[in-house]
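Enquirer: Give me a model of this one.
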Amino acid sequence: MRTYTSLFSLMVLAAACSRSTPESSPKAEAACPGCPVCAADLPGPATAASGDVLATVNGVAITTDDVRFSLRNRTRNNVPLTADQETAALEQIIQRELAAQQAVRKGMHADAAVVRDLAEIEVQRNSLRRERLADLYFRRQVLDPTRPTEAEVQELWEREQKQIRTEYHVLQLFGRDEAQMTEAQAALKRGEAVGAVYLKLTKAPALGEARPWDLGFLKFHQMPPQWREVLPRLKPGETSDLIRGPNHRFWLVQLVDVRVNEALQLSDIRATLEEDLATAKREKVRTQVESDLNKTATIERKPAAQPGQPMLPPPPAEP
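Expert: Okay, the predicted model is just below:
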(Lines give C-alpha, C1' and ligand atoms only; values in the text may rest on other atoms or scores of the structure.)
Protein backbone atom coordinates (compact mmCIF):
# COMPACT_ATOMS: atom_id res chain seq x y z
CA MET A 1 0.00 0.00 0.00
CA ARG A 2 1.31 3.46 -0.87
CA THR A 3 2.17 5.63 2.14
CA TYR A 4 0.64 9.09 1.86
CA THR A 5 2.17 12.28 3.14
CA SER A 6 0.35 13.37 6.30
CA LEU A 7 -2.79 15.40 5.74
CA PHE A 8 -1.51 18.28 7.82
CA SER A 9 1.82 18.44 6.04
CA LEU A 10 0.11 18.50 2.67
CA MET A 11 -2.29 21.21 3.70
CA VAL A 12 0.40 23.48 5.08
CA LEU A 13 2.31 22.94 1.86
CA ALA A 14 -0.79 23.99 -0.04
CA ALA A 15 -1.11 27.06 2.16
CA ALA A 16 2.47 27.98 1.49
CA CYS A 17 1.94 27.55 -2.24
CA SER A 18 -0.82 30.13 -2.27
CA ARG A 19 0.76 32.72 0.01
CA SER A 20 4.54 32.65 -0.12
CA THR A 21 6.43 34.77 -2.62
CA PRO A 22 8.23 32.47 -5.05
CA GLU A 23 11.70 33.19 -6.21
CA SER A 24 12.09 34.33 -9.78
CA SER A 25 11.94 30.84 -11.24
CA PRO A 26 10.04 30.53 -14.53
CA LYS A 27 9.46 26.85 -13.81
CA ALA A 28 7.88 27.53 -10.42
CA GLU A 29 5.80 30.43 -11.68
CA ALA A 30 4.52 28.44 -14.66
CA ALA A 31 3.55 25.45 -12.52
CA CYS A 32 1.81 27.32 -9.70
CA PRO A 33 -1.23 29.03 -11.31
CA GLY A 34 -2.92 25.88 -12.57
CA CYS A 35 -1.92 23.28 -10.01
CA PRO A 36 -4.43 21.74 -7.57
CA VAL A 37 -2.37 23.06 -4.66
CA CYS A 38 -3.14 26.66 -5.57
CA ALA A 39 -6.71 25.90 -6.62
CA ALA A 40 -7.64 24.19 -3.34
CA ASP A 41 -9.88 25.78 -0.73
CA LEU A 42 -7.08 26.74 1.63
CA PRO A 43 -7.03 28.33 5.11
CA GLY A 44 -7.19 32.11 5.03
CA PRO A 45 -4.50 34.54 6.20
CA ALA A 46 -4.01 35.35 9.87
CA THR A 47 -7.03 37.64 10.08
CA ALA A 48 -9.40 34.95 8.73
CA ALA A 49 -7.84 31.77 10.12
CA SER A 50 -9.81 29.09 11.97
CA GLY A 51 -9.12 29.19 15.70
CA ASP A 52 -7.06 31.69 17.68
CA VAL A 53 -3.82 32.69 15.96
CA LEU A 54 -0.76 31.51 17.91
CA ALA A 55 1.89 32.51 15.38
CA THR A 56 2.36 33.67 11.80
CA VAL A 57 5.03 32.37 9.44
CA ASN A 58 5.62 34.81 6.60
CA GLY A 59 1.97 35.82 6.86
CA VAL A 60 0.54 32.29 7.16
CA ALA A 61 -1.43 31.80 10.38
CA ILE A 62 -0.77 28.92 12.77
CA THR A 63 -3.81 28.55 15.01
CA THR A 64 -5.07 26.65 18.02
CA ASP A 65 -6.96 24.38 15.63
CA ASP A 66 -3.71 23.52 13.84
CA VAL A 67 -2.07 22.55 17.12
CA ARG A 68 -5.12 20.60 18.26
CA PHE A 69 -5.20 18.71 14.96
CA SER A 70 -1.51 17.81 15.17
CA LEU A 71 -2.06 16.42 18.69
CA ARG A 72 -5.33 14.61 17.90
CA ASN A 73 -3.88 11.11 18.37
CA ARG A 74 -2.72 11.97 21.88
CA THR A 75 -6.13 13.26 22.96
CA ARG A 76 -8.25 10.32 21.74
CA ASN A 77 -7.96 8.59 25.13
CA ASN A 78 -9.02 11.76 26.95
CA VAL A 79 -5.52 12.23 28.37
CA PRO A 80 -5.00 15.96 29.06
CA LEU A 81 -2.14 17.63 27.22
CA THR A 82 0.58 19.49 29.03
CA ALA A 83 1.66 23.03 28.16
CA ASP A 84 5.06 21.66 27.11
CA GLN A 85 3.42 19.28 24.63
CA GLU A 86 1.35 22.09 23.11
CA THR A 87 4.41 24.36 22.85
CA ALA A 88 6.46 21.61 21.23
CA ALA A 89 3.68 20.93 18.74
CA LEU A 90 3.46 24.62 17.82
CA GLU A 91 7.21 24.83 17.26
CA GLN A 92 7.14 21.73 15.08
CA ILE A 93 4.33 23.20 12.97
CA ILE A 94 6.27 26.43 12.53
CA GLN A 95 9.31 24.52 11.31
CA ARG A 96 7.20 22.41 8.97
CA GLU A 97 5.56 25.54 7.58
CA LEU A 98 8.97 27.13 6.96
CA ALA A 99 10.12 24.00 5.15
CA ALA A 100 6.90 23.84 3.13
CA GLN A 101 7.24 27.45 2.03
CA GLN A 102 10.82 26.86 0.98
CA ALA A 103 9.72 23.78 -0.96
CA VAL A 104 7.29 25.96 -2.89
CA ARG A 105 9.98 28.51 -3.68
CA LYS A 106 12.02 25.72 -5.23
CA GLY A 107 9.07 24.47 -7.32
CA MET A 108 8.56 21.27 -5.31
CA HIS A 109 4.81 21.93 -5.00
CA ALA A 110 4.49 20.69 -8.58
CA ASP A 111 5.90 17.28 -7.65
CA ALA A 112 3.56 14.63 -9.09
CA ALA A 113 3.13 12.79 -5.78
CA VAL A 114 2.22 15.99 -3.92
CA VAL A 115 -0.27 17.06 -6.59
CA ARG A 116 -1.80 13.57 -6.65
CA ASP A 117 -2.15 13.36 -2.87
CA LEU A 118 -3.66 16.84 -2.58
CA ALA A 119 -6.13 16.04 -5.34
CA GLU A 120 -7.14 12.89 -3.44
CA ILE A 121 -7.59 14.89 -0.23
CA GLU A 122 -9.82 17.32 -2.12
CA VAL A 123 -11.96 14.38 -3.34
CA GLN A 124 -12.26 13.16 0.25
CA ARG A 125 -13.18 16.66 1.43
CA ASN A 126 -15.88 17.00 -1.23
CA SER A 127 -17.25 13.55 -0.39
CA LEU A 128 -17.44 14.38 3.32
CA ARG A 129 -19.16 17.72 2.62
CA ARG A 130 -21.66 16.00 0.32
CA GLU A 131 -22.48 13.19 2.74
CA ARG A 132 -22.79 15.37 5.84
CA LEU A 133 -25.04 17.95 4.16
CA ALA A 134 -27.16 15.34 2.36
CA ASP A 135 -27.66 13.38 5.60
CA LEU A 136 -28.68 16.55 7.43
CA TYR A 137 -31.07 17.54 4.63
CA PHE A 138 -32.81 14.18 4.47
CA ARG A 139 -32.99 13.94 8.26
CA ARG A 140 -34.79 17.26 8.45
CA GLN A 141 -36.90 16.79 5.33
CA VAL A 142 -37.70 13.07 5.65
CA LEU A 143 -36.85 11.52 9.01
CA ASP A 144 -38.07 14.23 11.37
CA PRO A 145 -41.44 14.85 9.62
CA THR A 146 -42.23 11.11 9.48
CA ARG A 147 -41.95 10.35 13.18
CA PRO A 148 -45.30 8.77 14.10
CA THR A 149 -47.51 10.38 16.70
CA GLU A 150 -48.78 8.62 19.79
CA ALA A 151 -52.27 8.65 18.27
CA GLU A 152 -51.03 6.89 15.12
CA VAL A 153 -49.32 4.16 17.15
CA GLN A 154 -52.41 3.67 19.30
CA GLU A 155 -54.66 3.48 16.24
CA LEU A 156 -52.42 0.83 14.60
CA TRP A 157 -52.42 -1.25 17.78
CA GLU A 158 -56.18 -1.14 18.13
CA ARG A 159 -56.69 -2.04 14.47
CA GLU A 160 -54.06 -4.79 14.17
CA GLN A 161 -53.53 -6.13 17.68
CA LYS A 162 -54.85 -9.60 16.80
CA GLN A 163 -52.34 -9.91 13.99
CA ILE A 164 -49.57 -8.36 16.12
CA ARG A 165 -50.20 -10.91 18.88
CA THR A 166 -50.10 -13.84 16.44
CA GLU A 167 -46.93 -15.92 16.32
CA TYR A 168 -46.05 -18.24 13.44
CA HIS A 169 -43.95 -21.39 13.47
CA VAL A 170 -42.10 -21.16 10.15
CA LEU A 171 -39.73 -23.18 8.02
CA GLN A 172 -37.64 -20.96 5.73
CA LEU A 173 -35.60 -21.15 2.57
CA PHE A 174 -33.57 -18.06 1.71
CA GLY A 175 -31.42 -17.09 -1.25
CA ARG A 176 -30.30 -14.26 -3.51
CA ASP A 177 -30.40 -16.21 -6.79
CA GLU A 178 -33.95 -15.98 -8.13
CA ALA A 179 -33.48 -18.90 -10.52
CA GLN A 180 -32.27 -21.20 -7.73
CA MET A 181 -35.12 -20.12 -5.47
CA THR A 182 -37.61 -20.79 -8.27
CA GLU A 183 -36.19 -24.31 -8.59
CA ALA A 184 -36.52 -24.72 -4.82
CA GLN A 185 -40.16 -23.64 -5.05
CA ALA A 186 -40.79 -26.27 -7.72
CA ALA A 187 -39.15 -28.95 -5.54
CA LEU A 188 -41.43 -28.06 -2.62
CA LYS A 189 -44.46 -28.30 -4.88
CA ARG A 190 -43.33 -31.78 -5.89
CA GLY A 191 -43.51 -32.72 -2.23
CA GLU A 192 -39.85 -32.59 -1.24
CA ALA A 193 -39.22 -31.69 2.41
CA VAL A 194 -37.95 -28.22 3.27
CA GLY A 195 -34.88 -29.70 4.95
CA ALA A 196 -33.92 -31.71 1.87
CA VAL A 197 -34.33 -28.69 -0.39
CA TYR A 198 -32.31 -26.59 2.06
CA LEU A 199 -29.37 -29.03 1.82
CA LYS A 200 -29.50 -28.92 -2.00
CA LEU A 201 -29.82 -25.14 -2.05
CA THR A 202 -26.93 -24.48 0.35
CA LYS A 203 -24.82 -27.54 -0.55
CA ALA A 204 -24.34 -27.98 3.19
CA PRO A 205 -23.00 -31.25 4.59
CA ALA A 206 -25.20 -33.47 6.74
CA LEU A 207 -26.22 -31.41 9.75
CA GLY A 208 -27.22 -34.16 12.16
CA GLU A 209 -29.87 -32.91 14.55
CA ALA A 210 -29.48 -29.26 13.47
CA ARG A 211 -32.39 -27.74 11.55
CA PRO A 212 -31.31 -24.22 10.47
CA TRP A 213 -34.34 -23.92 8.20
CA ASP A 214 -36.69 -24.27 11.20
CA LEU A 215 -37.14 -20.80 12.74
CA GLY A 216 -39.57 -21.87 15.44
CA PHE A 217 -42.30 -19.44 16.51
CA LEU A 218 -41.66 -15.92 15.28
CA LYS A 219 -43.12 -12.83 16.92
CA PHE A 220 -44.38 -9.85 14.93
CA HIS A 221 -41.19 -7.82 15.31
CA GLN A 222 -39.01 -10.80 14.28
CA MET A 223 -40.56 -11.14 10.83
CA PRO A 224 -39.59 -9.17 7.72
CA PRO A 225 -42.44 -6.83 6.75
CA GLN A 226 -42.99 -8.82 3.55
CA TRP A 227 -43.84 -11.94 5.59
CA ARG A 228 -46.52 -10.19 7.58
CA GLU A 229 -48.71 -9.97 4.50
CA VAL A 230 -48.13 -13.58 3.44
CA LEU A 231 -48.28 -15.68 6.62
CA PRO A 232 -51.86 -14.79 7.65
CA ARG A 233 -53.07 -16.22 4.33
CA LEU A 234 -51.37 -19.59 4.82
CA LYS A 235 -52.76 -22.63 6.55
CA PRO A 236 -50.53 -25.01 8.52
CA GLY A 237 -48.63 -27.17 6.05
CA GLU A 238 -48.90 -24.68 3.18
CA THR A 239 -45.92 -23.05 1.48
CA SER A 240 -45.79 -19.51 0.21
CA ASP A 241 -45.02 -18.40 -3.31
CA LEU A 242 -41.64 -16.77 -3.80
CA ILE A 243 -41.44 -13.72 -1.54
CA ARG A 244 -39.31 -10.85 -2.83
CA GLY A 245 -37.52 -8.56 -0.42
CA PRO A 246 -35.10 -5.63 -0.70
CA ASN A 247 -31.49 -5.96 -1.88
CA HIS A 248 -32.27 -9.00 -4.02
CA ARG A 249 -33.53 -11.21 -1.20
CA PHE A 250 -35.89 -14.12 -1.85
CA TRP A 251 -37.74 -16.34 0.62
CA LEU A 252 -39.95 -19.39 0.63
CA VAL A 253 -41.76 -20.01 3.92
CA GLN A 254 -43.77 -23.00 5.03
CA LEU A 255 -46.22 -22.54 7.90
CA VAL A 256 -46.11 -25.23 10.59
CA ASP A 257 -48.36 -23.84 13.32
CA VAL A 258 -49.99 -20.67 14.66
CA ARG A 259 -50.57 -19.40 18.18
CA VAL A 260 -51.75 -16.15 19.75
CA ASN A 261 -49.91 -14.41 22.59
CA GLU A 262 -52.77 -12.78 24.50
CA ALA A 263 -50.37 -11.39 27.11
CA LEU A 264 -48.63 -9.10 24.59
CA GLN A 265 -49.31 -5.43 25.29
CA LEU A 266 -48.69 -2.23 23.32
CA SER A 267 -45.81 -1.29 25.62
CA ASP A 268 -44.02 -4.51 24.58
CA ILE A 269 -44.20 -3.74 20.87
CA ARG A 270 -44.32 0.05 20.72
CA ALA A 271 -40.83 0.57 19.27
CA THR A 272 -41.50 -1.86 16.41
CA LEU A 273 -44.84 -0.25 15.57
CA GLU A 274 -43.27 3.21 15.57
CA GLU A 275 -40.55 2.03 13.18
CA ASP A 276 -43.10 0.34 10.89
CA LEU A 277 -45.19 3.50 10.68
CA ALA A 278 -42.13 5.66 10.11
CA THR A 279 -40.82 3.37 7.37
CA ALA A 280 -44.11 3.47 5.48
CA LYS A 281 -44.15 7.27 5.67
CA ARG A 282 -40.50 7.64 4.71
CA GLU A 283 -40.87 5.75 1.46
CA LYS A 284 -43.52 8.18 0.26
CA VAL A 285 -41.92 11.35 1.62
CA ARG A 286 -38.41 10.53 0.40
CA THR A 287 -39.70 9.72 -3.08
CA GLN A 288 -41.43 13.10 -3.19
CA VAL A 289 -38.41 14.97 -1.80
CA GLU A 290 -36.08 13.37 -4.36
CA SER A 291 -38.55 14.13 -7.15
CA ASP A 292 -38.71 17.79 -6.11
CA LEU A 293 -34.91 18.01 -6.02
CA ASN A 294 -34.62 16.66 -9.55
CA LYS A 295 -37.32 18.97 -10.89
CA THR A 296 -35.38 22.08 -9.87
CA ALA A 297 -31.92 20.83 -10.89
CA THR A 298 -29.91 20.92 -14.08
CA ILE A 299 -28.20 17.54 -14.38
CA GLU A 300 -25.96 16.70 -17.30
CA ARG A 301 -24.65 13.15 -17.42
CA LYS A 302 -21.73 12.35 -19.65
CA PRO A 303 -22.68 9.33 -21.77
CA ALA A 304 -20.42 6.30 -21.78
CA ALA A 305 -18.23 5.83 -24.83
CA GLN A 306 -20.29 2.75 -25.77
CA PRO A 307 -23.43 1.23 -24.22
CA GLY A 308 -22.48 -1.14 -21.45
CA GLN A 309 -18.94 0.20 -21.14
CA PRO A 310 -17.70 1.18 -17.65
CA MET A 311 -17.66 4.88 -16.83
CA LEU A 312 -14.43 4.79 -14.85
CA PRO A 313 -10.99 4.39 -16.39
CA PRO A 314 -8.73 1.72 -14.90
CA PRO A 315 -6.96 2.89 -11.72
CA PRO A 316 -3.40 4.15 -12.12
CA ALA A 317 -0.62 1.70 -11.41
CA GLU A 318 0.93 1.94 -7.97
CA PRO A 319 4.39 3.55 -8.09
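
Enquirer: what's the offset of stretch 278-295 from the middle of its chain?
Expert: Distance of stretch 278-295 from the chain centroid (Cα atoms, centre = their mean, to the nearest Å) equals 19 Å.

Enquirer: Okay, residue 275 and residue 148: tell me how far apart.
Expert: According to Cβ to Cβ, to the nearest Å, residue 275 and residue 148 sit 9 Å apart. (C-beta placed from N, C-alpha, C; glycine too.)

Enquirer: of these two, who's got more company?
Expert: residue 148 (19 against 13; other Cβ atoms under 10 Å).

Enquirer: hang on, isn't the more buried one packed against residue 282?
Expert: No - between residue 148 and residue 282 no contact is recorded; they are 10.7 Å apart, counting by Cβ atoms under 8 Å.

Enquirer: Tell me where the stretch 101-250 of the chain has strands.
Expert: Ranges of strands in the stretch 101-250 of the chain, per DSSP state E, counting those that start in this stretch, are 166-175, 214-218, 243-245, 249-260.

Enquirer: Most tightly packed of those strands?
Expert: The highest mean neighbour count among the strands of the stretch 101-250 of the chain belongs to strand 166-175 (a mean of 21), with neighbours defined as mean count of other Cβ atoms under 10 Å.

Enquirer: Tell me which other helices or strands that strand touches.
Expert: helix 178-189, helix 194-202, strand 214-218, strand 249-260 (3 or more Cβ pairs under 8 Å, 6 or more residues apart in numbering; DSSP states H and E).

Enquirer: Let me have these in JSON lines, adding mean pLDDT and distance to residue 153 as columns.
Expert: Output for the helices and strands packed on strand 166-175, formatted as JSON lines (pLDDT from 0 to 100; distance: least, Cβ to Cβ, whole Å):
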{"stretch": "helix 178-189", "mean pLDDT": "95", "distance to residue 153": "35"}
{"stretch": "helix 194-202", "mean pLDDT": "92", "distance to residue 153": "36"}
{"stretch": "strand 214-218", "mean pLDDT": "95", "distance to residue 153": "22"}
{"stretch": "strand 249-260", "mean pLDDT": "96", "distance to residue 153": "21"}
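
Enquirer: Go through the ones you listed and name the closest to residue 308.
Expert: Closest approach to residue 308 among the helices and strands packed on strand 166-175 (Cβ to Cβ): helix 178-189, 21.7 Å.

Enquirer: Just give me how far stretch 73-89 sits from the chain centre.
Expert: Remark: stretch 73-89 is offset 31 Å from the chain centroid, using Cα atoms, centre = their mean.

Enquirer: Equivalent analysis for stretch 277-295, please.
Expert: The chain centroid and the centroid of stretch 277-295 are separated by 19 Å under Cα atoms, centre = their mean.
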